[in-house]
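Peer 1: Fold the following, please.
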Amino acid sequence: MIRTVRDAFALSFERLLENPTPVGLWALQKTLLAVEGADASRARGVARSFHACLRALESKSASRSASRWGALLGTAAVGSVSLPELRERQGRGLGELVERALPAFLEVGSALQSAQAWEIEAQLIYDEFAWFLYEELWEVSAAARPDLGAEERRERIDEVLDPLLDPALPDADRAALLVDVFRSVLAARVLPLLRS
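Peer 2: Just a heads-up that it's a prediction; the model follows:
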């Protein structure tokens, strides 16, 4: 049975770490607003950025799906409109066929370029949050391991965050890594509040 507000906070935080959601982070933010001090302020900053990260990943996923469907539907629509026209005009000159087909192929190219533009936008999400997490990991590491030199600290953080910036890594793996790093940083910021 939960005995104190702190126990309830610890339990809800544990559940949030198991399954981070924008709704869960929103609730955490409300709880953290009731706690004063620099540690709580830092925890709120991480919670805010983690919330933005999860929302961006949700949006990116929906946008990617819509972009891919758009490209597929555009290609299918062009094929369904152009093929009957081309059959109908079999006896006509090659010039007219090319003239009629060119706009259709341009539409397909446009749909494919839109899908590519989405990939570029997705990269920016990882860049933005890696920037934030680098600073957080530096501060958390400096507090936990003050004995590490700047170069060693940098190398350790680079090992964690460099994959986020690698476009060769599959998107699902990068998203999972991003969420895992956020979980760790959030835990490092909230646990001192639970101990005090």
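Peer 1: Tally up the residues packed near Arg48, please.
Peer 2: 15 (other Cβ atoms under 10 Å). Bear in mind the C-beta positions are built from the backbone N, C-alpha and C, glycine included.
Peer 1: quick one: contacts for it?
Peer 2: By Cβ atoms under 8 Å, 6 or more residues apart in numbering, the contact list for Arg48 reads Gln29.
Peer 1: Let me know the helix or strand that it is in.
Peer 2: helix 38-88 (DSSP states H and E).
Peer 1: which sections of the protein are below the confidence cut-off?
Peer 2: The chain contains residues with pLDDT under 70 at 1-3, 5, 61-122.
Peer 1: Which residue ranges of it form helices?
Peer 2: Ranges of helices within the chain are 5-18, 22-33, 38-88, 94-144, 150-161, 171-195, based on DSSP state H.
Peer 1: orientation of the fifth one relative to helix 171-195 in degrees?
Peer 2: Pointing back at helix 150-161 there. Orientation of helix 150-161 against helix 171-195 (axes from the mean of the first three to the mean of the last three Cα atoms, to 10 degrees) gives an angle of 120 degrees.
Peer 1: Would you mind writing the CA trace of helix 150-161 as CSV?
Peer 2: The C-alpha trace of helix 150-161 is given here as CSV (Å, rounded to 0.1, in the frame of the first residue of the first chain):
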residue,chain,number,x,y,z
ALA,A,150,37.3,16.5,-19.9
GLU,A,151,38.7,14.3,-22.8
GLU,A,152,37.6,11.0,-21.2
ARG,A,153,34.2,12.5,-20.3
ARG,A,154,33.8,13.6,-24.0
GLU,A,155,34.8,10.2,-25.3
ARG,A,156,32.2,8.4,-23.1
ILE,A,157,29.4,10.8,-24.1
ASP,A,158,30.4,10.5,-27.7
GLU,A,159,30.1,6.7,-27.5
VAL,A,160,26.5,7.1,-26.4
LEU,A,161,25.3,9.9,-28.6
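Peer 1: Point out the other helices and strands that it packs with.
Peer 2: helix 94-144 (3 or more Cβ pairs under 8 Å, 6 or more residues apart in numbering; DSSP states H and E).
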